[in-house]
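**Student:** This is the structure alone, sequence omitted:
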């Protein structure tokens, strides 16, 4: 069974430095970190102390709200430091790696032979349940819920987004096993969205409802696909898992090991040879960045340029991130740069007040300049062009700013995640931070409605 | 431009944090941001941003207004000299028009921006660019002999009550430029209406008649202007409103760049034409008999449809709502024009009226979306 979806709205931003489909060797780092801040809404309850030894798959911390949700070590080594911030908030658990990994054995099994509880238990034990996220609220799912469907998007349409078909080459079997495991967790279907314009192994995956998706970014966002296939209503729970997460879960069943190593794209105009590297979640990227990218005057982003997190050049790869983007910082004054059509050659704009539309195929070297200043919301009709969901984005944002819960509910807050508003961040004339506003709105809903 | 930048950084030193004039930072920032796009980087949210900003959008509107403004300046001289039977050489007309119009523009910008900056300093926020457009619109919709001090008072009222009282740019429910005109219209009626004000010096020189086409029609007399004159703009009227051709050039710029909503413009046209057709069918008086398509050419109809109704802040904000909003504006503009003999120009009233109803229109459009969501929940 297969289904077609055409996403009409959206925007593709082409950037210089797309990762080539090659993989270069990367060395093992001396340090790895698990950052509780990667998991929105999770308050960590530590299971280790500084100086303790951990193997791959050993629990590092639990979720304070639900101790079935565990977070495990991606590497074998010794806990070197618990980094804390204001009010003793845990920022990172840093592990000094040993030269070789010992894996904790979770036992192999065929997920299709197991019942729901057994599958769930195994995923929870290994720490790979962190890959299972839920809508509404865009947080880690509650294992006690029974979702009406599970969604996996096998392609990324964001600028400099990784190619999962390439990144998961050789892990096809693990991916299939992961899908098989997911089918046990829902009464509904496991929907696998594949890029309609490209033939990949994803189309041949069994036990999933294959959905061919066509269109511009955010066609690859799982939120766009959920809205088309099975929109989230009040009270619904829908789960989503990233393709790398599916492979991690599959590998767990095939080999009994929790393997957080994945192919990660190093991309962006400041990277010398943009391509893929094999890295573990939480791996230190200092040597990788210093060897392969221009660090001076650059911003290193764990994730893509629209939704990623700014990190230092000596920092760690984020848990969910499959791309590291390095782009130049702005730091420039532009004389009369606000005149219409000025700077069209080097600065992309989706608006026709720039000549950028004459050059749709051009790859831009964009920097981090805000290209203006934050202003009151004036221009209307622009957000609707890049949000394919059946919602009124401007009105929803205003409801979030006003903390008006009833309005937020009515206008579809349950259907959105911050990443669905990433393009609104990009295109809006008033330079408002739409993703942050949506995140605050979702947090308010968690607090008030749950 | 490094030299200029360094010079400016030196000048603004006392305004920076810890400086002597720290409080007045928004004032210097407003000049800084006009000269240079500031070197602000993204922090949180998307790391890259579109090249467009509010200043660029506002300046695009100003560019779109330029044809109407330059023709308006020329027409000031043309109307004046032609009625006196003097030479109407382009240069003479332009110089006369500039001499009459530029003081109005200066007063409008000077007074309006001064208030905006004062509010920004008082509230410690940045100056928004909204007034760049309002400040240009206001003199363009006034009669040319409107005394400057009255213009200044109208601007003060528009910015204070029309805008800042609601929270500044982006929060106002009425179009500020139209508030200025409405204030002037009701406060200084002799200078804003009648048959003496629409051509320069009409009130002081007997040979000059300052009557507009709509004024003549309301008085029940025939008009002596050709349709071509109406289209090109060689007729008496407010400074910027007479030339439909110049306004259409502006409309093309706004529609092409996407800055002005083509839905509102088209809707207004449809609404106006429909009402005009209805009146033509009834045909009771001169104004009703005036051909419907000529209604769209005279008075402030075209100017209002292109530059006033499309104000995104005071207009409807949903795409469906923009159609309804536009159609109703056109509808009411012609209706007020025909029914109210004392006030033949209905565009201003129609737009202000629909400004009030724009949130209601949006409310019902959005309610459709909410209903769809609730039905889905029921079905599930």
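**Tutor:** Everything's here; your move. Bear in mind the structure is a predicted one, so any value in this text is a computation, not a measurement.

**Student:** Can you show me the strands along chain B?
**Tutor:** B:36-37 (DSSP state E).

**Student:** helices and strands of it: which one bottoms out on pLDDT?
**Tutor:** Lowest on mean pLDDT, DSSP states H and E among the helices and strands of chain B sits helix B:213-218, with a mean of 77.

**Student:** Residue A:5 belongs to a strand?
**Tutor:** Yes: under DSSP: H, G, I helix; E, B strand; the rest coil, residue A:5 sits within a strand.

**Student:** I figured residue B:159 was touching residue B:131, is that so?
**Tutor:** Yes: Residue B:159 lies in contact with residue B:131 (CB atoms under 8 Å); the separation is 7.1 Å. Using the backbone N, CA and C atoms, a C-beta is placed for each residue, glycine as well.

**Student:** Residues in contact with both of these two, list them for me.
**Tutor:** By CB atoms under 8 Å, 6 or more residues apart in numbering or on different chains, residue B:159 and residue B:131 have these common neighbours: B:112, B:116, B:176.

**Student:** quick one: contacts for the last one?
**Tutor:** It stands for residue B:176. Going by CB under 8 Å, 6+ apart, residue B:176 touches B:130-131, B:134, B:158-159, B:162-163.

**Student:** Give me the below-cutoff pLDDT ranges for chain A.
**Tutor:** In the prediction, chain A carries residues with pLDDT under 70 at positions A:1-2.

**Student:** In it, what residue spans correspond to helices?
**Tutor:** A:116-126, A:164-167, A:172-183, A:222-229, A:243-255, A:286-292, A:393-401, A:405-411, A:422-427, A:434-448 (DSSP state H).

**Student:** Throw the shared contacts of residue B:159 and residue B:131 into TSV and include pLDDT, thanks.
**Tutor:** Listed next are the shared contacts of residue B:159 and residue B:131 as TSV, based on pLDDT from 0 to 100:
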residue	pLDDT
B:112	94
B:116	91
B:176	94
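
**Student:** Where does pLDDT dip in the stretch 251-380 of chain B?
**Tutor:** Along the stretch 251-380 of chain B, the model assigns pLDDT under 70 to residues B:341-344.

**Student:** how deep is residue A:66 tucked in, by neighbour count?
**Tutor:** 14 (other CB atoms under 10 Å in any protein chain shown).

**Student:** any idea how far it lies from residue A:182?
**Tutor:** 20 Å (CB to CB, to the nearest Å).

**Student:** Please apply the same query to residue B:217.
**Tutor:** Using CB to CB, one gets 74 Å for the distance from residue B:217 to residue A:182.

**Student:** Enumerate every residue touching residue A:416.
**Tutor:** A:223, A:389, A:391, A:396, A:438, A:442.

**Student:** Please apply the same query to residue B:69.
**Tutor:** B:101, B:136, B:140, B:239-240.

**Student:** cutoff 10 Å now
**Tutor:** Contacts for residue B:69 were tallied using CB atoms under 10 Å, 6 or more residues apart in numbering or on different chains; they are B:62, B:97, B:101, B:105, B:136-137, B:139-140, B:239-240, B:246, B:250.

**Student:** From those, which land in helices?
**Tutor:** Per DSSP H, the contacts of residue B:69 map to helices at B:62, B:97, B:101, B:105, B:136-137, B:139-140, B:246, B:250.

**Student:** need the contact list for the spatially closest residue to residue B:232 that is not a sequence neighbour.
**Tutor:** Of all residues not flanking residue B:232 in the chain, residue B:245 sits nearest, at 5.5 Å (CB to CB, 6 or more residues apart in numbering or on different chains). Residue B:245 is in contact with B:67-68, B:71, B:231-233, B:302, counting by CB under 10 Å, 6+ apart.

**Student:** Which among those residues count as buried?
**Tutor:** Among these, those classed as buried by 16 or more other CB atoms under 10 Å in any protein chain shown are B:67-68, B:71, B:231-233, B:302.

**Student:** For my notes, please list those residues in CSV and give distance to residue B:319 for each entry.
**Tutor:** Listed next are those as CSV, based on distance: CB to CB, whole Å:
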residue, distance to residue B:319
B:67, 28
B:68, 27
B:71, 32
B:231, 30
B:232, 34
B:233, 32
B:302, 23
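
**Student:** quick one: which of the ones in helices among the contacts of residue B:69 is most hemmed in?
**Tutor:** Neighbour max across the ones in helices among the contacts of residue B:69 (other CB under 10 Å) = residue B:139, 28 neighbours.

**Student:** residues contacting that residue?
**Tutor:** Applying CB under 10 Å, 6+ apart, the residues near residue B:139 are B:69, B:72, B:101-109, B:146, B:148, B:151, B:155, B:177, B:180, B:238-240.

**Student:** my guess is residue B:201 contacts residue B:84, does it?
**Tutor:** Yes: counting by CB atoms under 10 Å, residue B:201 does reach residue B:84; the two are 8.7 Å apart.

**Student:** Mind listing the shared neighbours of those two?
**Tutor:** B:207-208.

**Student:** So for the two, which sits in the more crowded spot?
**Tutor:** Counted by other CB under 10 Å, residue B:201 and residue B:84 do not tie: residue B:201 has more neighbours, with 18 against 14.

**Student:** Can you read off the backbone torsions of that one?
**Tutor:** phi 70, psi 10 (degrees, to the nearest 10).

**Student:** give me every residue that touches it.
**Tutor:** B:79-80, B:83-84, B:96, B:100, B:144-145, B:207-208, B:210.

**Student:** what about 8 Å?
**Tutor:** B:80, B:145, B:208.

**Student:** what's the answer for residue A:332, then?
**Tutor:** Neighbours of residue A:332 in contact, by CB under 8 Å, 6+ apart: A:367, A:369, B:39.

**Student:** Show me how to select, in PyMOL, the buried members of those.
**Tutor:** Here is the PyMOL command that picks out the buried ones among the contacts of residue A:332, judged by 16+ other CB under 10 Å:
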select buried, chain A and resi 367+369
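
**Student:** now the ones in helices among the contacts of residue B:69 in CSV, with pLDDT?
**Tutor:** Shown next, in CSV, are the ones in helices among the contacts of residue B:69 (pLDDT from 0 to 100):
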residue, pLDDT
B:62, 95
B:97, 92
B:101, 94
B:105, 95
B:136, 95
B:137, 95
B:139, 95
B:140, 95
B:246, 95
B:250, 96
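
**Student:** Looking at those, which is nearest chain A?
**Tutor:** Nearest to chain A among those, counting by CB to the nearest CB, is residue B:62 at 9.8 Å.

**Student:** What's the separation between that closest one and residue B:171?
**Tutor:** Taken as CB to CB, the span from residue B:62 to residue B:171 is 22 Å.

**Student:** and if you look at residue B:47?
**Tutor:** The value you get for residue B:47 to residue B:171, if CB to CB is used, is 29 Å.

**Student:** on that earlier part again, keep the contacts of residue B:176, but drop any that are not near chain A.
**Tutor:** Restricting those to those near chain A by CB under 8 Å from any CB of the partner chain leaves residue B:130.

**Student:** Reformat the contacts of residue B:176 as JSON lines; add pLDDT and neighbour count.
**Tutor:** Converted to JSON lines, the contacts of residue B:176 look like this (pLDDT from 0 to 100; neighbours: other CB atoms under 10 Å in any protein chain shown):
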{"residue": "B:130", "pLDDT": "85", "neighbour count": "24"}
{"residue": "B:131", "pLDDT": "89", "neighbour count": "27"}
{"residue": "B:134", "pLDDT": "93", "neighbour count": "27"}
{"residue": "B:158", "pLDDT": "94", "neighbour count": "31"}
{"residue": "B:159", "pLDDT": "93", "neighbour count": "29"}
{"residue": "B:162", "pLDDT": "90", "neighbour count": "24"}
{"residue": "B:163", "pLDDT": "90", "neighbour count": "28"}
